[in-house]
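# I'll drop the sequence and a predicted model, then ask my questions.
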Amino acid sequence: MTPGARVAASIEIIDDILAGQAAEQALTRWARNSRFAGSKDRAAIRDLVFAALRTWRSDAVLGGGEDGRARMIGRLRADDADIDALFDDAGHAPAPLTDEERQAGATPTEIGDRWNLPEWLLPQWQAALGDDAEAIALIAQDRAPITLRVNTRVCSVADVQSALESEQVLTEANSLSPTALTVLSNPRRVRQSQAYIDGWIEMQDAASQAVVDAIPDGTRALDYCAGGGGKALALAARGFTVWAHDIAPGRMADIPDRAERAGVQIRVVAPDQLPAKEKFDVVLCDAPCSGSGAWRRSPEGKWALTQQRLDELNGIQDEILDTAMGHVTPEGTLVYVTCSVLTCENEDRIDAFLARHAGWTCSFRKRWTISAEGDGFFTAHLTRG
Ligand SMILES: C[S@@+](CC[C@H](N)C(=O)[O-])C[C@H]1O[C@@H](n2cnc3c(N)ncnc32)[C@H](O)[C@@H]1O
């Protein structure tokens, strides 16, 4: 496909999203109906659509309209691209810009447009991030870094770097975690690499790794909200005997294969298989959240979030902590984690927990801000006494 045809495809997909389809669904539907598109075309179109979702508000202002075509014009203007070369009607490229389109569009000036955040969320974003609010909102419009976790049980960081380099995947150390490597070239080759096949690496955000690094040593760990098992695997790599649990057991379906590849054992338990009396040195609650620290990866999330949903999430976060605390040994640690930067999901939840449960204290809390190296995360360690 020509670059112009890729832009035309992105316009069609954005219009489907505006009509109510989820981005993944719209991309899959387009790919099914467009067998002529190769993997590079699909990847380029996906990148364009996700970039448009990250800068949804500013692109509409720059492009002078709300539909897919105007947004893509806005996106390309933001990138200083040669729009006339792409909108030239050749092959499957979009039709040339009309005089009206050339005159439409303006530089975004409203805060919400420049920061690409929903208007209702701005006060909370500013309250949580203070003087850094603008800088972090702007970083959150970039692509997220692609980061690996080295399975240091089976190899060293240097082993991984040279193995990947021999397959043209260059990496560099990531300062957020000693096990983290940022991928600098050919990220799409990582999953086919021998290092990946042999269980030397996993894809995992660097701040997500740092959250696990911060957990005190222990023997037995329960990952209470295990999902796909990213943190359960990192705990197992640290030497913990890990139990993985999730309210939706189907989400844990890949854990056995991932664990086998990494050479670790993880016991996967559905909610009705977790005995109430079972105790652990560490109970990790990687709670469902707005995902505001990871909106670069799932930009649709920021436009779907509402105050009502945030309130619901706060209730779920409290409930999870209150239930999971029963599984912590007397000297153990209840670890709370979100990939959010919002105070109502982080510090406020910990303060509310401490107010509800006399005898518990917070021994550690830390927020990782959204950066070029990793996503935004928060963690707090709760202990008795
Ligand atoms: C942020 S995701 C976990 C991501 C995972 N820990 C990782 O690192 O890959 C949150 C998970 O919490 C689960 N969850 C939601 N409510 C829950 C509850 N009440 N009890 C346990 N798990 C819950 C969801 O099904 C979801 O898989």
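Received, thanks. Numbers count the residues shown, from 1 in each chain.

# spell out which parts of the protein neighbour the ligand.
Contacts of the chain with the ligand, taken as CB under 6 Å from any ligand atom, map to 224-231, 246-248, 251, 286, 288, 316, 320. Every residue, glycine included, has its C-beta placed from N, CA and C.

# show the buried residues in those residues.
Among these, those scoring as buried are 224-227, 229-231, 246, 286, 288, 320 (criterion: 16 or more other CB atoms under 10 Å).

# about what we covered before: in helices only, show me the residues of the chain next to the ligand.
Mapping the residues of the chain next to the ligand onto helices (DSSP state H) picks out 230-231, 316, 320.

# among those residues, which two are most distant?
Greatest spatial distance in these: Gly230 and Ile316, 19.5 Å, computed using CB to CB.

# let me have the buried ones among the residues of the chain next to the ligand in a markdown table, extended by distance to Phe36.
Formatted as a markdown table, those follow (distance: CB to CB, whole Å):
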| residue | distance to Phe36 |
| --- | --- |
| Tyr224 | 46 |
| Cys225 | 42 |
| Ala226 | 40 |
| Gly227 | 36 |
| Gly229 | 37 |
| Gly230 | 35 |
| Lys231 | 40 |
| Asp246 | 40 |
| Asp286 | 41 |
| Pro288 | 39 |
| Ile320 | 47 |
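
# how about a markdown table for the residues you listed, with pLDDT added?
Converted to a markdown table, those look like this (pLDDT from 0 to 100):
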| residue | pLDDT |
| --- | --- |
| Tyr224 | 98 |
| Cys225 | 98 |
| Ala226 | 98 |
| Gly227 | 97 |
| Gly229 | 97 |
| Gly230 | 97 |
| Lys231 | 98 |
| Asp246 | 98 |
| Asp286 | 98 |
| Pro288 | 98 |
| Ile320 | 98 |
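
# and which of the residues you listed is nearest Gln124?
For those, the nearest to Gln124 is Pro288 (17.9 Å; CB to CB).

# mind listing what that closest one touches?
225, 313, 316-317 (CB atoms under 8 Å, 6 or more residues apart in numbering).

# cool, Leu164 as well?
Here Leu164 is in contact with 170-171, 190, 193, 195, 201 (CB under 8 Å, 6+ apart).

# let's see that with 10 Å instead.
148, 170-171, 181, 183, 185-186, 189-190, 193-196, 200-201 (CB atoms under 10 Å, 6 or more residues apart in numbering).

# show me where the stretch 201-350 of the chain has strands.
Counting by DSSP state E, counting those that start in this stretch, the stretch 201-350 of the chain has strands at residues 201-203, 220-223, 241-245, 266-269, 280-286, 328-338.

# what lines up beside the fifth one in the sheet?
When you say that, I think you mean strand 280-286. Paired strands of strand 280-286, with direction, are strand 220-223 (parallel), strand 328-338 (parallel) (DSSP bridges).

# mean pLDDT added to those, as CSV?
Shown next, in CSV, are the strands paired with strand 280-286 (pLDDT from 0 to 100):
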stretch, mean pLDDT
strand 220-223, 98
strand 328-338, 97
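
# deepest-packed of those, please.
Mean neighbour count, computed with mean count of other CB atoms under 10 Å, is highest for strand 220-223 among those, reaching a mean of 26.

# can you pull up the most central residue in this structure?
Of all residues in the chain, the one closest to the mean position by CA atoms, centre = their mean is Ala294, 3.7 Å from it.

# which residue of the chain sits farthest from its center?
Here the chain reaches farthest from its C-alpha mean at Asp99, the gap being 39.9 Å by CA atoms, centre = their mean.

# ok, back up a step: out of the contacts of Leu164, name the ones that lie in helices.
If you go by DSSP H, the contacts of Leu164 have 194-196 in helices.

# wait, what's in contact with the closest residue to Ala262 other than its chain neighbours?
Distance criterion CB to CB, 6 or more residues apart in numbering; nearest residue to Ala262, sequence neighbours excluded, is Gly199 at 4.5 Å. When contacts are counted by CB under 10 Å, 6+ apart, Gly199 touches 151, 153-155, 233, 237, 258-264.

# mark which of those are buried, thanks.
Neighbour counting by 16+ other CB under 10 Å classes 151, 154-155, 233, 237, 258-259, 261-262, 264 among these as buried.

# which among those gets closest to Pro123?
Nearest member of the buried ones among the contacts of Gly199 to Pro123, counting by CB to CB, is Leu233, at 37.4 Å.

# these two touch, right, the closest one and Pro256?
No: judged on CB atoms under 10 Å, Leu233 makes no contact with Pro256 at a distance of 11.2 Å.

# okay, and the common contacts of the two?
With CB under 10 Å, 6+ apart, Leu233 and Pro256 have common neighbours 244, 266.

# shouldn't Ala380 be in contact with Asn346?
Yes: counting by CB under 10 Å, Ala380 touches Asn346, with 7.7 Å between them.

# overlap of the contact sets of those two?
With contacts defined as CB under 10 Å, 6+ apart, the residues shared by Ala380 and Asn346 are 336-338, 365, 367.

# so which of these would you say is closest to Gly301?
Closest to Gly301, out of all of the shared contacts of Ala380 and Asn346 and judged by CB to CB, is Thr338, at 13.0 Å.

# no further queries at this time; thank you.
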